[in-house]
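Q: next come a sequence and a model predicted from it.
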Amino acid sequence: MLDAVKLTDNQSYVLKSLSEAGRALSAYEILDQVRECGLRAPAQVYRALEKLIEVGLVHRLESLNAFVACGHKHDHAQAPAPAHAAAFAICETCGTVFEYDMPTEADALRASLAKDGFVANSMTVEVRGCCADCSR
Ligand SMILES: [Zn+2]
Ligand SMILES: [Zn+2]
């Protein structure tokens, strides 16, 4: 899946740290993980994240001010979707982030917006709660 997009070393390190974490990480948490790979400055992490978000491999969670590796095989091979819609369920207990596609909901919303002439660039839904493991 990664073959489709050409990543720099820094981008690969950042993506790897997010994939291995399995939960959302702040930029500084990412920096801690990739320090041993030679990344020292937050700006390097932010630059890598910017690109990864652009190509759809990483999502930004506004409510947590954190980043998460894309958990779905969207068509990442293509150019970034104009409105890469994703929904995230965030467990408030363990911090695990689950990603869901919402094709129908997103299309319906996009259609309503389009009626008003509004062009959606991105759509992210963040749902907070408790995951199955934690509610046991
Ligand atoms: Zn995604
Ligand atoms: Zn949990």
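A: Right, received. Where do you want to start? Ligands and ions are numbered 1, 2, ... in the order given.

Q: so what pairs up with the spatially most central residue of the chain in the strands?
A: Centre of the chain computed as the mean C-alpha position; nearest residue by Cα atoms, centre = their mean is H59, 1.6 Å away. Note on H59: beta-bridge partners V68, judged by DSSP bridges.

Q: roughly how far does it sit from ligand 1?
A: Separation of H59 from ligand 1 (Cβ to the ion, to the nearest Å): 5 Å. C-beta: built from backbone N, CA, C; applies to glycine.

Q: could you double-check that that residue sits in contact with T124?
A: Yes - under the criterion of Cβ atoms under 8 Å, H59 makes contact with T124 at 6.6 Å.

Q: what sits in contact with each of the two?
A: Residues within reach of H59 and of T124 at once, by Cβ atoms under 8 Å, 6 or more residues apart in numbering, are 86, 88.

Q: what residues does the chain have near ligand 2?
A: 91, 93-94, 131, 134 (Cβ under 5 Å from the ion).

Q: run a quick neighbour tally on the residue lying closest to I53 once chain neighbours are set aside.
A: In space, and not counting its chain neighbours, I53 is closest to R60: 5.8 Å by Cβ to Cβ, 6 or more residues apart in numbering. Counted with other Cβ atoms under 10 Å, residues neighbouring R60 total 16.
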